[in-house]
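[1] I need the structure of the sequence given here:
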Amino acid sequence: MAQEYRRAFAQATNDPAAFWLQAAQDLQWDVAPQTAIDDSRKPLYSWFPDGKLNLSVNALDRHVAAGRGESTALIYDSAMLGSVESYTYAQLLSEVETFAGVLAGRGVTTGDRVLIYLPMIPQAMIAMLACARLGAVHSVVFGGFAPKELAARITDCAPVAVVTASGGIEPSRRIEYLPAVAEALSLAEPAVKDVIVAHRDGFEHEVSEYRNQPINGQEINWLDWEEQARQATAADAVSVPSTHPLYVLYTSGTTGAPKGVVRDTGGYGTALQYSMNAIYDVHPGDTMFTASDVGWVVGHSYIVYAPLIAGATTVLYEGKPVGTPDAGVFGRIIEDHKVTTMFTAPTALRAVRKADPQGSMIASHDLGSLRALFVAGERLDPDTFHFASDLLQIPVVDNWWQTETGWPIASNPLGLEELPAKAGSPTTPVPGFAVQIRDALGEKVPAGQEGNIVVQLPLPPGALTTLWGNDQRFIDTYLTQIEGCYLTGDSGYLDEDGYLFVMGRTDDVINVSGHRLSTGAMEQVLASHPSVAECAVIGLADALKGQRASGYVVLKSGVDIDEESLAKEIVALVRKHIGAVADFREVTVVAALPKTRSGKILRKTMRQIADGKEYTVPSTIEDTAVLDDLVPLLRPQA
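    Presented below is the predicted three-dimensional model:
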């Protein structure tokens, strides 16, 4: 049983250098690597240090050169506009060459950062691949983030240019991007010289409004994408070292500044090509539909880079799983574009099930092309797993990974062989990820016992190499708690068959609809309200979203404000400072918050009470009466 998987896993564990050098041969290198891994800076590792390549070439040029220029590379399906637009590999290459020429013409060069703040439109992919073509480092920020969060990322990575659009389209509204970008630039400490704007019809603000308007005394060039493209000279690809940063992708930290995950070029390309072969079983001629967003790691890896590196067709979808127009839209996309592999989040499946309990709207479409459904973003609960499996009658594969890892830590490796599924488990660790379960002291625990999920170092190719500008923070956050291991921040267990079960976060980052968000950042916003003395935000289990943020506030003495008004004001503050992506709606006024004697709020205990789980009152609690008083508010049925 599982011979192919076990053989590959053993090879990747016992001789990772030979395993990954072999896998790297599936890419096109300008200088093929002879060395797999550089461990001279332990615990920091780098892959293929003597190799050189360009990932844009691997995604586009090599397929055109191989005679596949007329094959479809990208299908842009906008439920918001009711339109579909396709690009062949040759057409997409031409667009990328041209926009790389735009950036080069503005002085963008290898190593410069370019921040991309775009909705789900083709320009997002084109801009990312154009940066890769020049060796510029892109940092994509999801359009749902508020100006303050955007500003923090601009300050951290110091881009020379920002690429944006007129706005994004939601089912009930249009979101103007240009005022948000202007405000973010006013809040940041920018080295930004140029803002390049892709025009979209129907938005209030135009590029011309912002020209000749200095921000913080600095002249910024506001440029129209199409105008610049007409004047541009197509740019050649720049060969970069395998270790050269491809992108910085920010993920929420529990406190302080967001963490800029740095992804290399050659290791990432190798891992993505391997994952398409071994996990997703996607090859030239296949069509992959990943219902996610650029700006989240799933979008980077499995909308943009992996499908194109593999020579497949990728679907870029602008819309929602329900309401655009209904809960059958995924079925429509599968039928229209002959999708062979789909990837979405459990949240989306739960939204579909809520709107259409039997899944009949999806089932009304011809789904005959679909071979597998992959699900990631948060834990795939057994009910949703069975709903999707019964509806589609194909493998439904939970795969577990993180922004930091770039590709799955655990999954059913359909490209090697299909393993028996277990509801509630993402199956087994993927070759390259030596997963272990350790207790708080760092000792290994027996099968079936829950503990910290860690990965033995070195991490495989494709995982983060550091945090932007901060090696020490990377080491301190991930690599020091358990020697020789990467700490995932999740808890779980391995069963007697080697299947992994992920139980939840061990820190204060919560997962709302597949988006990792910092409760600490939300607490800072709540605490800024003039009526709030102190507060706590915890993530509660949510049947639809995985988790939802719930705030608990203690009012300042003498404050006279009704709870409904306070809640509205705080919700508005979170929306302004964190963004709509937080989906923050719940505020409860409490007399006091439970704390340890050292002043640490007992968030984990509060979460356990609210979720109806067994809990132990910590011995370090300052006042047990505070927790007793809170129980009816956290668990009204108690």
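[2] quick one: residue 595 from residue 544, how far?
    31 Å (CB to CB, to the nearest Å). Heads up, the C-betas are built off the backbone N, CA and C, glycines and all.
[3] so for these two, which sits in the more crowded spot?
    Using other CB atoms under 10 Å as the criterion, residue 595 and residue 544 rank with residue 595 on top: 19 against 15.
[4] show me what contacts that one?
    Counting by CB atoms under 8 Å, 6 or more residues apart in numbering, residue 595 makes contact with 601-602, 621-623, 626.
[5] now do the SS call for the residue sitting furthest away from the middle of the chain.
    In terms of distance from the mean C-alpha position of the chain, residue 558 ranks first, at 43.3 Å (CA atoms, centre = their mean). Of the three states, residue 558 takes coil under DSSP: H, G, I helix; E, B strand; the rest coil.
[6] so who does it touch?
    Counting by CB under 8 Å, 6+ apart, there are no residues that residue 558 touches.
[7] before we move on, back to that, got JSON lines for the contacts of residue 595, with neighbour count, pLDDT and secondary structure too?
    Formatted as JSON lines, the contacts of residue 595 follow (neighbours: other CB atoms under 10 Å; pLDDT from 0 to 100; DSSP: H, G, I helix; E, B strand; the rest coil):
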{"residue": "601", "neighbour count": "19", "pLDDT": "80", "secondary structure": "strand"}
{"residue": "602", "neighbour count": "24", "pLDDT": "85", "secondary structure": "coil"}
{"residue": "621", "neighbour count": "16", "pLDDT": "74", "secondary structure": "strand"}
{"residue": "622", "neighbour count": "17", "pLDDT": "68", "secondary structure": "coil"}
{"residue": "623", "neighbour count": "12", "pLDDT": "76", "secondary structure": "coil"}
{"residue": "626", "neighbour count": "16", "pLDDT": "85", "secondary structure": "helix"}
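[8] shaky segments in this structure?
    Along the chain, segments meeting pLDDT under 70 span 1, 144, 252-256, 504, 507-508, 516, 596-600, 619-620, 622, 636-638.
[9] which strands or helices does the top helix by length along the chain pack on?
    Counting residues, the longest helix in the chain under DSSP state H turns out to be helix 89-105. Judged by 3 or more CB pairs under 8 Å, 6 or more residues apart in numbering; DSSP states H and E, helix 89-105 is in contact with strand 72-78, helix 122-134, helix 225-231.
[10] ok, then the element right after the longest one?
    For helix 122-134, the succeeding helix or strand toward the C-terminus, using DSSP states H and E, is strand 137-140.
[11] could you list the domains of this protein?
    435-505, 514-634 (automatic domain parsing).
[12] need these in a markdown table with distance to residue 114, can you?
    Formatted as a markdown table, those follow (distance: least, CB to CB, whole Å):
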| stretch | distance to residue 114 |
| --- | --- |
| domain 435-505 | 14 |
| domain 514-634 | 21 |
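[13] am I right that residue 537 sits in a strand?
    Yes: using three-state DSSP, the secondary structure at residue 537 is a strand.
[14] number of nearby residues for it?
    Neighbour tally, residue 537, other CB under 10 Å: 28.
[15] may I ask you to confirm that it is in contact with residue 524?
    No: at 9.6 Å, residue 537 and residue 524 do not qualify as touching, with contact defined as CB atoms under 8 Å.
[16] show me what contacts residue 232?
    Contacts of residue 232 (CB under 8 Å, 6+ apart): 98-99, 101-102, 105.
[17] which among the residues you listed count as buried?
    With burial judged by 16 or more other CB atoms under 10 Å, the buried subset of the contacts of residue 232 is 98-99, 101-102.
[18] same list, those residues, but as TSV with distance to residue 462 please.
    As requested, those are exported to TSV (distance: CB to CB, whole Å):
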residue	distance to residue 462
98	29
99	25
101	29
102	29
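[19] want to throw the contacts of residue 232 into a markdown table with distance to residue 607?
    Formatted as a markdown table, the contacts of residue 232 follow (distance: CB to CB, whole Å):
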| residue | distance to residue 607 |
| --- | --- |
| 98 | 50 |
| 99 | 45 |
| 101 | 51 |
| 102 | 48 |
| 105 | 52 |
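[20] show me which of the residues you listed is closest to residue 195.
    residue 102 (12.6 Å; CB to CB).
[21] can you give me the strands in the stretch 101-250 of the chain?
    Along the stretch 101-250 of the chain, counting by DSSP state E, counting those that start in this stretch, strands occupy 113-117, 137-140, 161-165, 167-169, 174-176, 194-198, 221-224, 240-241, 247-251.
[22] could you dump the ones you listed into a markdown table and include distance to residue 37 and mean neighbour count?
    Shown next, in a markdown table, are the strands of the stretch 101-250 of the chain (distance: least, CB to CB, whole Å; neighbours: other CB atoms under 10 Å):
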| stretch | distance to residue 37 | mean neighbour count |
| --- | --- | --- |
| strand 113-117 | 27 | 26 |
| strand 137-140 | 22 | 26 |
| strand 161-165 | 34 | 26 |
| strand 167-169 | 41 | 22 |
| strand 174-176 | 44 | 15 |
| strand 194-198 | 38 | 24 |
| strand 221-224 | 42 | 17 |
| strand 240-241 | 14 | 22 |
| strand 247-251 | 21 | 25 |
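[23] so which strand or helix has residue 17?
    helix 16-24.
[24] so what touches that helix?
    By CB under 8 Å, 6+ apart, helix 16-24 touches 8, 11-12, 32-33, 36-37, 47-48, 51, 266, 270, 273-274, 431-432, 458, 460-461.
[25] same thing but at 6 Å, please
    11-12, 33, 36-37, 270, 274, 461 (CB atoms under 6 Å, 6 or more residues apart in numbering).
[26] and if you look at stretch 375-394?
    345-346, 349-350, 353, 359, 372-373, 396, 398-399, 423-424, 502, 511, 514, 546.
[27] of all the buried ones among the contacts of residue 232, which comes closest to residue 329?
    Once CB to CB is applied, the member of those that ends up nearest residue 329 is residue 99, at 29.5 Å.
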